[in-house]
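> Have a look; sequence and predicted model below, questions after that.
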Amino acid sequence: MTRTFNWRIVFKTMGVLTLLEALFLLVPTGVAWWYHEADLGAWIVSCAVTWLSCWWMIAAGRKAERRVGEREGYVIVAAVWVVYSLFGMLPYWLSGALPALTDAWYETMAGFTTTGSTVFTDVAAQPHSILLWRALSQWIGGMGIIVLSVAILPMFGLGGMQLYSAEVTGVSYEKLSPRIADTAKHMWITYIGLTIGEGVLLWLFGMGTFDAVCHAMSTISTGGFATHNDSVIAYSPAIQWTILVFMLLSGINFTQLIYLFRGKPQRLFHDEETRWYTSACLAAGVVLAAGLFYHTGLWSSIRIGLFTSIATITSTGFVAADYMQWPPVLWVIVFFLMFTGGASGSTAGGMKWVRIAIFAKAALAEIKRRIHPNAVIPVRFNEHTLREQTTSNVVAFMFFYVMIIVAATLWFCGCGIGFDESFGIATSMIGNVGVSIGQWGSSGCYAALPAAAKWAATFVMLIGRLEIFTVLLLFSRALWKK
């Protein structure tokens, strides 16, 4: 028997979540007032529209049953990114910073999904309020609106477990405590602590206070929005090393970081995914540094090589050098790093190293089974034998990941973009990396992208941010018949 879809709880939950966005919008509004910027009126109107809309949704959800099933959870998770982007684009559009709706939508979705690709041709010319909102939108999306919601919704009598489950389909996060809301709170405390820590260090090393705040939020969220046109190229080596370290930390599973900060570093060092992730960052950094050695010198090549490998693997997309000016073999390596991603439970995008590791181990196990057909050869990860369902989940994820890249590449080619650049854009968007190759290389500026390609790119960003299955399940007839 088909259960009636609980639309009221969807509206009520969306209303509460939108109320949080309205509160976040007050921050850049205050900045616009502080700096006496001309776009203050646009911010006030944006806040008012968002505020009224959230209360309308809450009113539409009155007397809702507190039942949030799987279907409601998937709808809320997918809808919250769309709704947040709809209201988040208002300041760009109303202020005239991005007068085209397509561009305003693109910039906002690139922020909340932490993709970090931009349509601003002159970032440095934007007012402080716009620059702060770009960084803040990434910071909100970095840990995930849903992880925030499961920490907040219980205060309103709404359960968050179904939302959390929908957000982390596939290889799921590890719980720190029996209650999922407590886990989310611990993760947010760590998230805020890392942001403050990096901001202070950037300021101590000579970065201005405003820029330090924006770059700290963009780093910890692995978003990559900068306040200057050349990303972080012009900053000192000390600042680049600081950003490098915090990008590396942000790509680690946050539950592992919490254990580290609690004085249990052995949990981090024994975690197999962390070892795969850090080894890849180091190995790729060494290879890039070796290729750059004769052009930049020893220490510069090490810094730029490590920075580029970590920025790409974590999907942050910050740039310490224009890699499109490097020998082709080096920027091709950077391109293939876009397929990887950080660790599960981090703010990074991409496939995630737990999936890559399981996929590789499953492939090797299959070869061994061919050699020894009667042997029982399980796939093990973190000293545990994996269920066949987990391996199947990883294989399915990899399949859909590649198929979406293929479909997006064909669409971008149909929009008049060359094959290599279309392939690069598709890979960058689904991995939430931002930077790509060719015309849309290390600059990360997509202003020249055709409108049809921009809309498609935002959809691919969303699919990548929601780990594919959350979006695909919404188009499954079986889910709605359940």
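Nice, thanks for sending it over. Just so we're clear, the structure is a prediction, and the values are computed from it rather than from any experiment.
> need the strands for the stretch 301-450 of the chain, in chain order.
Along the stretch 301-450 of the chain, counting by DSSP state E, counting those that start in this stretch, strands occupy 380-381, 384-385.
> Each with direction, which strands does the last one pair with?
Sheet pairing of strand 384-385 (DSSP bridges) gives strand 380-381 (antiparallel).
> got CSV for the strands of the stretch 301-450 of the chain, with mean neighbour count, distance to residue 469 and mean pLDDT too?
Any C-beta I mention is one placed from the backbone N, CA and C, and that applies to glycine too. CSV is the format used below for the strands of the stretch 301-450 of the chain (neighbours: other CB atoms under 10 Å; distance: least, CB to CB, whole Å; pLDDT from 0 to 100):
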stretch, mean neighbour count, distance to residue 469, mean pLDDT
strand 380-381, 14, 20, 88
strand 384-385, 10, 22, 86
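> got the phi/psi numbers for residue 315?
Torsion angles at residue 315 (phi, psi; degrees, to the nearest 10) stand at phi 70, psi 20.
> Revised request: answer the last question for residue 14.
The phi and psi values for residue 14, taken as degrees, to the nearest 10, are phi -60, psi -30.
> I'd like the numbering to begin with 39 instead of 1 from here.
Understood, numbering begins at 39; the last thing we discussed is residue 52.
> Next, count neighbours for it.
22 (other CB atoms under 10 Å).
> any idea how far residue 143 is from it?
In this view, residue 52 and residue 143 are 18 Å apart by CB to CB, to the nearest Å.
> Kindly report the same for residue 342.
34 Å.
> quick one, helices of the stretch 189-338 of the chain?
Per DSSP state H, counting those that start in this stretch, the stretch 189-338 of the chain carries helices over the ranges 199-205, 218-242, 247-258, 275-288, 292-299, 303-308, 310-334, 336-351.
> Let me have those in JSON lines, extended by mean neighbour count.
Below are the helices of the stretch 189-338 of the chain laid out as JSON lines (neighbours: other CB atoms under 10 Å):
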{"stretch": "helix 199-205", "mean neighbour count": "23"}
{"stretch": "helix 218-242", "mean neighbour count": "19"}
{"stretch": "helix 247-258", "mean neighbour count": "24"}
{"stretch": "helix 275-288", "mean neighbour count": "22"}
{"stretch": "helix 292-299", "mean neighbour count": "20"}
{"stretch": "helix 303-308", "mean neighbour count": "14"}
{"stretch": "helix 310-334", "mean neighbour count": "18"}
{"stretch": "helix 336-351", "mean neighbour count": "23"}
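> export those helices to TSV and tack on mean pLDDT?
Putting the helices of the stretch 189-338 of the chain into TSV (pLDDT from 0 to 100) gives the following:
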stretch	mean pLDDT
helix 199-205	53
helix 218-242	89
helix 247-258	97
helix 275-288	96
helix 292-299	87
helix 303-308	86
helix 310-334	92
helix 336-351	95
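> can you tell me which of these comes nearest to residue 162?
helix 247-258 (10.5 Å; CB to CB).
> For the closest one, name the packing helices and strands.
Packing contacts for helix 247-258, counted by 3 or more CB pairs under 8 Å, 6 or more residues apart in numbering; DSSP states H and E, involve helix 166-181, helix 218-242, helix 275-288.
> Nearest to residue 46, out of these?
helix 218-242 (22.0 Å).
> tell me the angle of that closest one relative to helix 247-258?
Calculated by axes from the mean of the first three to the mean of the last three CA atoms, to 10 degrees, helix 218-242 forms an angle of 140 degrees with helix 247-258.
> do you know how far the spatially closest residue to residue 464 that is not a sequence neighbour is from residue 485?
Closest residue in space to residue 464, ignoring its immediate chain neighbours: residue 446 at 3.7 Å, by CB to CB, 6 or more residues apart in numbering. Taking CB to CB as the measure, residue 446 and residue 485 are separated by 19 Å.
> who's more crowded, these two?
Ranked by neighbour count (other CB under 10 Å), residue 446 and residue 485 place residue 446 first, with 23 against 16.
> Correct me if wrong: the more buried one contacts residue 493.
No. Judged on CB atoms under 8 Å, residue 446 makes no contact with residue 493 at a distance of 11.7 Å.
> Quick check: the gap between the residue nearest to residue 464 and residue 260.
In terms of CB to CB, residue 446 sits 21 Å off from residue 260.
> Only alpha carbons, please: show stretch 225-237 as PDB.
Listed in PDB are the C-alpha atoms of stretch 225-237, where the atom choice follows Å, rounded to 0.1, in the frame of the first residue of the first chain:
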ATOM      1  CA  MET A 225      31.300  18.300  13.500                       C
ATOM      2  CA  TRP A 226      30.100  21.900  13.400                       C
ATOM      3  CA  ILE A 227      32.200  22.900  16.500                       C
ATOM      4  CA  THR A 228      35.300  21.400  14.800                       C
ATOM      5  CA  TYR A 229      34.300  23.200  11.500                       C
ATOM      6  CA  ILE A 230      34.000  26.600  13.200                       C
ATOM      7  CA  GLY A 231      37.200  26.000  15.200                       C
ATOM      8  CA  LEU A 232      39.200  25.300  12.100                       C
ATOM      9  CA  THR A 233      37.700  28.400  10.300                       C
ATOM     10  CA  ILE A 234      38.700  30.600  13.200                       C
ATOM     11  CA  GLY A 235      42.100  29.100  13.500                       C
ATOM     12  CA  GLU A 236      42.900  29.500   9.900                       C
ATOM     13  CA  GLY A 237      41.500  33.100   9.800                       C
END
